[in-house]
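Engineer: structure for this input, please:
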Amino acid sequence: MEKKPTVELKLPILKNMELVATQTADVVSKHMQLSEEKSDEISMALIEACINAFEHSESKSEVYIHFIIDDDNLMIKVIDKGIGFDASQVKIPKIESKINSDERKRGWGLMLIKELMDSVDFESSDSGTTLTMIKKKDQNDE
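Structural biologist: Numbers count the residues shown, from 1 in each chain. As a prediction, the model looks like this:
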């Protein structure tokens, strides 16, 4: 079986490091000849995924990002060595209460990632979380 081209990043948990991931995603998207719209969707999802890992994992080390390039799709894995989470406990905020209050306008990350990507999957335990996102390549992307 032929090994798929993979780009791997190891990001320290520092302010604005998610931008390194989006720059890499942009280069990979161009290599795959994805549309600008798909490239932008990937970048937005990746920003959300990185910020979630940075802010919620309580990881003391780095966040790892793997871009696995295939003929049909781009798979992105965002991996942290943090405390993990229970996806069933994540509540989608009610937009009405967010708009009409001083409450922080946060909590939309997972929902946004799912809207932007074609497939989203989580594996989480007390030794970390792996978020796997897939963006499919269309025939008209070439």
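Engineer: ok, longest helix in the protein?
Structural biologist: With DSSP state H applied, the helix covering the greatest number of residues in the chain is identified as helix 36-56.
Engineer: the least confident helix or strand in the chain by mean pLDDT: what's the following helix or strand?
Structural biologist: Ranked by mean pLDDT, DSSP states H and E, the weakest helix or strand in the chain is helix 95-99, scoring a mean of 56. Next helix or strand after helix 95-99 toward the C-terminus (DSSP states H and E): helix 109-116.
Engineer: and that following helix, what other elements does it pack with?
Structural biologist: helix 36-56, strand 119-125 (3 or more Cβ pairs under 8 Å, 6 or more residues apart in numbering; DSSP states H and E). Any C-beta I mention is one placed from the backbone N, CA and C, and that applies to glycine too.
Engineer: mind listing what's buried in the first one?
Structural biologist: Of the residues in helix 36-56, those buried by neighbour count under the rule 16 or more other Cβ atoms under 10 Å are 38-50, 52-54, 56.
Engineer: same check, this time on the shortest one
Structural biologist: For strand 119-125, a neighbour-count test (16+ other Cβ under 10 Å) marks Val120, Ser124 as buried.
Engineer: let's see that strand as PDB, backbone CA atoms only.
Structural biologist: Only the C-alpha atoms of strand 119-125 are listed here, as PDB (Å, rounded to 0.1, in the frame of the first residue of the first chain):
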ATOM      1  CA  SER A 119     -16.700  14.700   8.200                       C
ATOM      2  CA  VAL A 120     -15.700  15.200  11.800                       C
ATOM      3  CA  ASP A 121     -14.800  12.600  14.400                       C
ATOM      4  CA  PHE A 122     -13.400  12.700  18.000                       C
ATOM      5  CA  GLU A 123     -11.500  10.200  20.000                       C
ATOM      6  CA  SER A 124     -11.000  11.400  23.600                       C
ATOM      7  CA  SER A 125      -9.700   9.900  26.800                       C
END
